[in-house]
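**Q** what shape does this take:
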Amino acid sequence: MNVVRRSAAALAAAAVIGAAAPAVAASPSPSPSALPDGLYGTTDPKYDGVWRQSLALLAQHETGVKPAAKAVDWLAGQQCANGSFAPFRADTGQACDAKTMVDTNSTAAAVQSLAALGGHDTATGKAVTWLKSVQNKDGGWGYTPGGPSDANSTSVVIGALAAVGEKPAQATKDGKSPYDALLKLALPCTAGGKDAGAFAFQPDKKGKLAANADATAAAVVGALGKGLTGAATKPTGTDPTCKGSPDAEQAADNGAAYLTTALAKTKHLTSAMPGAKPQPDYGNTADAVLALATAGQGDKAAGALGWLQANSGPWAKASGPAAYAELILAAKAAGADVHDFGGQDLVEQLNATGPKPASVSASTAPADSTKAGKEDKEDKEDSAKKDDGSPFGVWWIVGVCLVAGIGVGFLLSVRNKR
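**A** Residues are numbered from 1 along each chain as shown. Next comes the predicted model:
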């Protein structure tokens, strides 16, 4: 999911249902010495700590990198006693209470990461039990417990269920499964034009569905029962087409058809803050590439993949570990070289945003792996300065999240709080 949407998904949800979002102040990046030991990235983890850590560890695992033990321990240590995760807990020695702002997205992402790394069955089991306890009657999940179901949250929970070996179709509430919830958010083929087959994030206050590219990318993967890493699926050999009365698999194909059309002209997706001109959306474009590859339509994503290779460098550098992870997962699903992605070694760049990995597979290590995982103070300070001066700062992230929630199509997944 898009790293930007995940940074303020709750604000996006508030925009969708018409609730007033609280004003928040942009908090500066903490000094490197103030960052939790083992955490990836140099910016304030308040809204995305667990999310970005989970994506970083997943991307490393997928590329043969064994993360540092303290990085894994940091993520596992963020869990509340009831199994849930909040975006960030500064003091894990203090028990979670009713005021702890836990959410389904952080929890489901952590489950997928810890399950992939292995050795955390108790933690992932408790987390899945909690996720099931907050499932909505329509079979889906909202960002926060009790919130209305949305395509992104439902899809990331599907990925968590699959990661621990459960069948998402059997996770039901009042007879409804997560797939039932996703189908209710799918626009029919009769919608016509460019919106046919898309998914909405949520219905608006009147129950109307609006096509959302980020929600569609997430839902395509979720409807196929896959997680954040997607799947490198053999091309189907046929063009995706929108067909009526779909089951989950056909709905995914319909969504792939929508994404193919959305990428056809510019080779990338766009988003815009209110009153501003649409800008390229790198995270959502990466999500769309992963979704198309997972749906067996990776050849339809070739143009977008090439666009990312040529243009995503500055965005990833400014946005940090989750952005590098998104690019790695998209590139891997699409069959691209993660060590030469438009001249960039994505794995090396991701490793450099956190503690030095325990090991790097010889088959995936760059020619000079000594640069990977540098964690000395000078590197941290330099990275923090770049983040502080970046056009992709906190307000940019929040803006994109709000746009995604409205349906213009995020955030950062990410992309975080109420």
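
**Q** any weak-confidence spans in this protein?
**A** Confidence mapping of the chain against pLDDT under 70 gives the ranges 1-33, 245, 362-418.

**Q** can you give me the helices in the stretch 1-150 of the chain?
**A** Assigned by DSSP state H, counting those that start in this stretch, the helices in the stretch 1-150 of the chain fall at 9-17, 49-62, 69-77, 104-117, 121-133.

**Q** ok and the last one relative to helix 69-77, angle-wise?
**A** Going back to what we said before, that points to helix 121-133. 30 degrees (axes from the mean of the first three to the mean of the last three Cα atoms, to 10 degrees).

**Q** do the second one as well
**A** With the same axes, to 10 degrees applied, the angle from helix 49-62 to helix 69-77 works out at 130 degrees.

**Q** returning to what we had before: including distance to Leu187 and mean neighbour count, could the helices of the stretch 1-150 of the chain go into TSV?
**A** Backbone N, C-alpha and C define where each C-beta goes, glycine included. As requested, the helices of the stretch 1-150 of the chain are exported to TSV (distance: least, Cβ to Cβ, whole Å; neighbours: other Cβ atoms under 10 Å):
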stretch	distance to Leu187	mean neighbour count
helix 9-17	16	25
helix 49-62	27	28
helix 69-77	36	19
helix 104-117	23	28
helix 121-133	27	18
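
**Q** make TSV out of those helices and add distance to Ala288.
**A** Below are the helices of the stretch 1-150 of the chain laid out as TSV (distance: least, Cβ to Cβ, whole Å):
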stretch	distance to Ala288
helix 9-17	18
helix 49-62	17
helix 69-77	27
helix 104-117	19
helix 121-133	26
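
**Q** so which of those helices gets nearest Gly222?
**A** Gly222 sits nearest to helix 104-117 of all the helices of the stretch 1-150 of the chain, at 10.5 Å, using Cβ to Cβ.

**Q** export that closest one as PDB, just CAs?
**A** What follows is helix 104-117, C-alpha atoms only, in PDB (Å, rounded to 0.1, in the frame of the first residue of the first chain):
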ATOM      1  CA  THR A 104      -5.800  -2.400  11.900                       C
ATOM      2  CA  ASN A 105      -3.300  -1.300   9.400                       C
ATOM      3  CA  SER A 106      -0.300  -1.200  11.700                       C
ATOM      4  CA  THR A 107      -1.400  -4.500  13.200                       C
ATOM      5  CA  ALA A 108      -1.900  -6.200   9.900                       C
ATOM      6  CA  ALA A 109       1.400  -4.900   8.500                       C
ATOM      7  CA  ALA A 110       3.300  -6.100  11.600                       C
ATOM      8  CA  VAL A 111       1.700  -9.500  11.300                       C
ATOM      9  CA  GLN A 112       2.900  -9.900   7.700                       C
ATOM     10  CA  SER A 113       6.400  -8.800   8.600                       C
ATOM     11  CA  LEU A 114       6.800 -11.000  11.700                       C
ATOM     12  CA  ALA A 115       5.200 -14.000  10.000                       C
ATOM     13  CA  ALA A 116       7.600 -13.700   7.100                       C
ATOM     14  CA  LEU A 117      10.600 -13.500   9.400                       C
END
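
**Q** same for it, what does it pack against?
**A** helix 49-62, helix 69-77, helix 121-133, helix 151-163 (3 or more Cβ pairs under 8 Å, 6 or more residues apart in numbering; DSSP states H and E).

**Q** CSV please, covering those and showing distance to Gly320.
**A** Shown next, in CSV, are these (distance: least, Cβ to Cβ, whole Å):
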stretch, distance to Gly320
helix 49-62, 7
helix 69-77, 14
helix 121-133, 24
helix 151-163, 20
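
**Q** from Leu228, how far off is the residue lying closest to Asp287 once chain neighbours are set aside?
**A** Spatial nearest neighbour of Asp287, excluding adjacent residues (Cβ to Cβ, 6 or more residues apart in numbering): Ala217 at 3.9 Å. Here Ala217 is placed at a distance of 11 Å from Leu228 (Cβ to Cβ, to the nearest Å).

**Q** closest to Phe85 out of the helices and strands packed on helix 104-117?
**A** helix 49-62 (5.1 Å).

**Q** what's the closest one packed up against?
**A** helix 69-77, helix 104-117, helix 321-334, helix 346-351.

**Q** make a markdown table out of those helices and add distance to Asp48.
**A** Listed next are the helices and strands packed on helix 49-62 as a markdown table, based on distance: least, Cβ to Cβ, whole Å:
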| stretch | distance to Asp48 |
| --- | --- |
| helix 69-77 | 13 |
| helix 104-117 | 9 |
| helix 321-334 | 7 |
| helix 346-351 | 15 |
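
**Q** between the ones you listed, which one is nearest to Leu57?
**A** Nearest of the helices and strands packed on helix 49-62 (Cβ to Cβ): helix 104-117, 4.6 Å.

**Q** from the chain's centre, how far out does the closest one sit?
**A** Offset of helix 104-117 from its chain centre (Cα atoms, centre = their mean, to the nearest Å): 11 Å.
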